[in-house]
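> just need the structure, nothing else, for what follows:
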Amino acid sequence: MHNFARYQNHKKALTVAITKKNELAAGLLQGSSKAGVASPMANCLREAFEQVVDCRRVLQHSYIVGYYAQSDTSEHQLFEFQQQMLESNTEALNHLTEKVEKVELDEGEMAHLKNLTG
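Here you go, the predicted model:
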């Protein structure tokens, strides 16, 4: 049940990320048009949304693999560790993209955003 719930959560989050990415592409995000986000920052934000979409897609499908994997092996433990690290970094990146949308990102957080996407 855990794997199915996590799969569904990432499916919903993927839908939201795709919507936001498409809004950015259409120039509808508040931060890009109303606050005058500079072109390099807009490119960084676009890359960040693309990365969030890719990570959500991988995470969503990783729970399928996790469901069928043998749970008492060292390979499964490594898989769960990698899955947890991807989820943690995806959430951090998603949080930073939300702050950029609201134009609340400081210099250190912008550098962290670039680090997570690059």
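> ok, Ala26 - how many residues close by?
9 (other C-beta atoms under 10 Å). Where C-beta positions appear, they are placed from N, C-alpha and C, glycine not excepted.
> so Val65 sits against Glu80, correct?
No. Val65 lies out of contact with Glu80 (C-beta atoms under 8 Å); the separation is 10.5 Å.
> tell me how far the spatially most central residue of the chain lies from Arg46.
For the chain, the residue nearest the mean C-alpha position is Val52 (2.6 Å; C-alpha atoms, centre = their mean). In this view, Val52 and Arg46 are 11 Å apart by C-beta to C-beta, to the nearest Å.
> and for those two, which residues touch both?
Lys21 (C-beta atoms under 8 Å, 6 or more residues apart in numbering).
> so who does Phe4 touch?
Each residue near Phe4 by C-beta under 8 Å, 6+ apart is listed here: 63, 67.
> in which helix or strand does it reside?
helix 2-25 (DSSP states H and E).
> tell me the buried residues in that helix?
Under the neighbour-count criterion of 16 or more other C-beta atoms under 10 Å, helix 2-25 has 6-7, 10, 13-14, 17, 20-21, 24 buried.
> average model confidence for that helix?
Across helix 2-25, the average pLDDT comes to 88.
> so the residue lying farthest from the centre of the chain: helix, strand or coil?
Going by C-alpha atoms, centre = their mean, the residue of the chain most distant from its centre is Asp72, 29.1 Å out. With DSSP: H, G, I helix; E, B strand; the rest coil as the basis, Asp72 sits in coil.
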